[in-house]
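J.: heads up, no residue letters with this:
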């Protein structure tokens, strides 16, 4: 997998080992910016990042891994990649058009462009799910296309209930200040699609019917764990993610590691989680490659409460970084550029204005 875990771990280990990165798509997509691309379609060219210039010493193989053993990875093409150590980071799927739904980047472009055009014409929008994606989407639309009727629906009684109440309250006030109507404590009972936006209505648990020109189902990621399910000793957790030990090993094989959205280790399914897991993996694998015993290395410890940045467009937002912070911090850290320059640089591409 060449997502947030795979590309960074490969890039940092390629001078220490013979590294092969296996990825089924020809380019990496930066999903947080895919939200803004719906209101700024030209942004797509900046957030689709080809793998061609990622590695200088290692190699990127465009193929799909179909099985893993302790000594090799078998690809859909029939080719076999031998390995002393294997990191599985196959990530998660999400409703279109926030992540590619298949192997084709061209299909992702078309899906994003299609939804962007429908959004531009819509006068009413309903967003089902008020996590990071749903809240950011509501903020981006309200900031870029004021005047639309936007309804954000959550089955939780507050926004971001896993964080201090102050954060959720601040986000609610800011969204309402942008004109977003927030419905909390209500579940959508009759979503027609879970994987793509559509026109229609949703009925809430209180009987209320919300009609909209465009309904976005944004109710979370689905871990892509198929590759792990046949490994001896691998176990799925209640969230559908794969359990791992304190050294991020998911099975009886001592040389196979997992990280990112598929790993049930106490972190959320966020980019912030990989910002903690990746450095541990890189440091630990460097030592193991130098013949150090894995069990002698410091075990991985998850975030106690991970930081989170929730921009509502390029200027407004709320963050939690061990305290609730407002517009300026959120704008400077994420809202203004959505980390696009950082990832373009990582992939050997020029920054864009």
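T.: Yes, it's here. What you see is a predicted model, and the numbers here were worked out from it, not measured in a lab. Numbers count the residues shown, from 1 in each chain.
J.: those helices in the stretch 151-300 of the chain, which residues are they?
T.: With DSSP state H, counting those that start in this stretch as the criterion, the stretch 151-300 of the chain has helices at 165-177, 271-289.
J.: cool, the stretch 1-150 of the chain as well?
T.: 4-13, 31-37, 44-47, 105-121, 132-144.
J.: For the fourth one, which helices and strands make contact with it?
T.: Contacts of helix 105-121 with other secondary structure elements, assessed using 3 or more Cβ pairs under 8 Å, 6 or more residues apart in numbering; DSSP states H and E, are made with strand 27-29, helix 31-37, helix 44-47, strand 48-50, strand 209-217. (Glycine included, C-beta is placed from N, CA and C.)
J.: Deepest-packed of the ones you listed, please.
T.: helix 31-37 (a mean of 23; mean count of other Cβ atoms under 10 Å).
J.: how distant is that helix from the center of its chain?
T.: Centroid separation for helix 31-37 versus its chain: 11 Å, with Cα atoms, centre = their mean, to the nearest Å.
J.: what does it contact?
T.: 43-44, 46-47, 94, 97-99, 112, 116, 133, 136-137, 140, 271, 314, 334, 338-340 (Cβ atoms under 8 Å, 6 or more residues apart in numbering).
J.: Please indicate which of those residues are buried?
T.: Among these, those buried by neighbour count (16 or more other Cβ atoms under 10 Å) are 43-44, 46-47, 94, 97-99, 112, 116, 133, 136-137, 140, 271, 314, 334, 338-340.
J.: pLDDT weak spots in the stretch 51-200 of the chain?
T.: Scanning the stretch 51-200 of the chain for pLDDT under 70 picks out no residues.
J.: As a check, name the ranges of all strands in it.
T.: With DSSP state E, counting those that start in this stretch as the criterion, the stretch 51-200 of the chain has strands at 59-62, 65-68, 72-75, 80-82, 86-88, 92-93, 124-128, 149-153, 180-183, 198-203.
J.: Would you format those strands as CSV with distance to residue 267 included?
T.: Converted to CSV, these look like this (distance: least, Cβ to Cβ, whole Å):
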stretch, distance to residue 267
strand 59-62, 26
strand 65-68, 22
strand 72-75, 25
strand 80-82, 28
strand 86-88, 16
strand 92-93, 13
strand 124-128, 25
strand 149-153, 25
strand 180-183, 27
strand 198-203, 31
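J.: and those strands as TSV, adding mean neighbour count and distance to residue 11?
T.: TSV is the format used below for these (neighbours: other Cβ atoms under 10 Å; distance: least, Cβ to Cβ, whole Å):
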stretch	mean neighbour count	distance to residue 11
strand 59-62	17	11
strand 65-68	17	19
strand 72-75	17	19
strand 80-82	13	18
strand 86-88	23	12
strand 92-93	18	21
strand 124-128	23	35
strand 149-153	22	37
strand 180-183	18	39
strand 198-203	16	39
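J.: among those, which is nearest residue 252?
T.: Of all those, it is strand 65-68 that lies closest to residue 252, at 12.7 Å by Cβ to Cβ.
J.: Pull up the pairing partners for the closest one, direction included.
T.: Counting by DSSP bridges, the strands paired with strand 65-68 are strand 72-75 (antiparallel).
J.: Residue 87 contacts residue 2, doesn't it?
T.: No - checked against Cβ atoms under 8 Å, the pair residue 87 and residue 2 is beyond contact range at 11.2 Å.
J.: so what's the closest residue to residue 18 other than its chain neighbours up against?
T.: Nearest non-adjacent residue to residue 18, counting by Cβ to Cβ, 6 or more residues apart in numbering: residue 58, 7.2 Å away. Listed by Cβ under 8 Å, 6+ apart, the contact set of residue 58 reads 10-11, 13-14, 18-21.
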